[in-house]
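J.: Pasting a predicted model and its sequence here:
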Amino acid sequence: MLPQAPGEQRLNQRRPPDLKTVGSALRHRRALLAVILLACVGVAATLALVRPKTYEATALLYVDERHNSSQGFDLALQAGELLSHHYIEMATSRAVLAAACGNPDVSATGAPCSADTLADQVHAGTVRGTSLIGVTADARTPEAAAAIANAVAKALVAQDAQQIDQLLKPTRDYLDSELKRLDAAITTAQQALDKAPPNSPQAAAQLAYLNQLQGEYSVDYGRRQDLAVEQFRLSGNLSVIQTADPPAKPSDPDPLRYLAAGVLAGLDWTAEHRPDCAHVVSVATDAPFLPRDLVSRLVRSMQKSGADLACAASGGQPHPVIGLWPVRLREDLRHAVVVETVRKVDVWTARHRLATVPFPSEPIDPFFNANRPEDLTTAAALVAAESGGGPASETPPQSG
């Protein structure tokens, strides 16, 4: 074989592999990679089937940081962050969780509730880029999830108000006692002034003393009013601006979230053991009629459009589990899953150029799922019909 010129070598390196069928894709040095990724996606599919449903609901609270603006930007930012952190910690405190369990709406759901059980069901955090705190609760029913989230949010506001009241109580009690004492002293001084002879030194002394007492009373009364305004302001730092609604869909099992973790595991394995492979294909383990030209069409569409990723679609519905994934984006995916806690892989794919490759769904959807006994019966009938019919097509036929 004649040696190739450097330019020709680079051209060959960029030329995509000629992958005509799924079978040929597996034979082109990708059998082990396919098994690894299929195993990862298979675990995701199994978890989605066997895990009990869990629903999540979130109530939003607003943290008013306007009173910090006079301190300057840096100090106001630090004060706001500390205040938000304080509320987030308080949201999962035993006092707040116990109070939430006593909420009638939570009791009406019939779900067992205690501070210990809610500690595993409730979490709070800031909503990125806002002054909002989200209180999220998970439960076995949508109604229980919403009731718990709202109860915790309400208990958090009440606990904050109670802490502010306790913080200001010593000063309030002192001022109240001083006002009571001064009021009694003013009454006594007024009575003494009334008894003193008019225009006498005694009357002048009593009048001076009465004016002094009234001045002290006015100062303390002003302080008491300022304290009430301060308590009102501090109590308004935290408020519920959006209650939680019962979710329409469960948050777990979430096949798309499991898919993200499964794909990441496959990409990591590929980077470590097969650094010569730039992409990995994932397919659903419950789709027995995958198109024979699936891989080649994904590759061609991605290269033609200049996209970063590719996924299959049929009947106007994308199938993220069936896609072509570049190994070079694995760290970006890891950051999204681990650091940003992105729960759905389609949220991550939306950040990149995604080529969606449509496949005809008639007469049969090539991504037909076989999960139930009746699905297997349908699949067997399709196989029998294909074996007794004409030549195999690029997208296998399927009964309606």
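T.: Alright, I've got the coordinates. None of these values were measured; they are calculated from a predicted model.
J.: Quick check: the gap between the residue nearest to Tyr221 when sequence neighbours are not counted and Gln191.
T.: Distances taken as C-beta to C-beta, 6 or more residues apart in numbering place Leu179 nearest to Tyr221, at 6.3 Å, with adjacent residues excluded. Using the backbone N, CA and C atoms, a C-beta is placed for each residue, glycine as well. Distance from Leu179 to Gln191, counting by C-beta to C-beta, to the nearest Å: 19 Å.
J.: Just want to know which of these two has more residues nearby.
T.: Higher neighbour count among Leu179 and Gln191: Leu179, with 16 against 11, using other C-beta atoms under 10 Å.
J.: got the contact list for the more buried one?
T.: Contacts here follow C-beta atoms under 8 Å, 6 or more residues apart in numbering; on that basis Leu179 touches Tyr217, Asp220, Tyr221, Arg224.
J.: is it true that the first one touches Asp183?
T.: What it means is Tyr217. Yes: assessed by C-beta atoms under 8 Å, Tyr217 is found in contact with Asp183 at 6.9 Å.
J.: residue boundaries of the strands in the protein?
T.: 55-63, 122-126, 132-139, 238-242, 279-282, 309-314, 317-326, 354-359 (DSSP state E).
J.: What mean pLDDT does the third one get?
T.: When you say that, I think you mean strand 132-139. In this model, strand 132-139 has a mean pLDDT of 92.
J.: relative to strand 238-242, how tilted is it?
T.: Interaxial angle, strand 132-139 versus strand 238-242 (axes from the mean of the first three to the mean of the last three C-alpha atoms, to 10 degrees): 60 degrees.
J.: try the second one
T.: Here strand 122-126 runs at an angle of 100 degrees relative to strand 238-242 (the same axes, to 10 degrees).
J.: in its sheet, what does strand 122-126 sit against?
T.: Strand 122-126 sits in its sheet next to strand 132-139 (antiparallel), going by DSSP bridges.
J.: Give me the domain ranges for the chain.
T.: Domain assignment for the chain by automatic domain parsing gives 17-51+253-387, 55-242.
J.: Turn the strands of the chain into a markdown table, columns for distance to Pro197 and mean neighbour count.
T.: What follows is the strands of the chain, written out as a markdown table (distance: least, C-beta to C-beta, whole Å; neighbours: other C-beta atoms under 10 Å):
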| stretch | distance to Pro197 | mean neighbour count |
| --- | --- | --- |
| strand 55-63 | 63 | 21 |
| strand 122-126 | 71 | 19 |
| strand 132-139 | 68 | 23 |
| strand 238-242 | 60 | 15 |
| strand 279-282 | 104 | 23 |
| strand 309-314 | 101 | 23 |
| strand 317-326 | 98 | 21 |
| strand 354-359 | 99 | 19 |
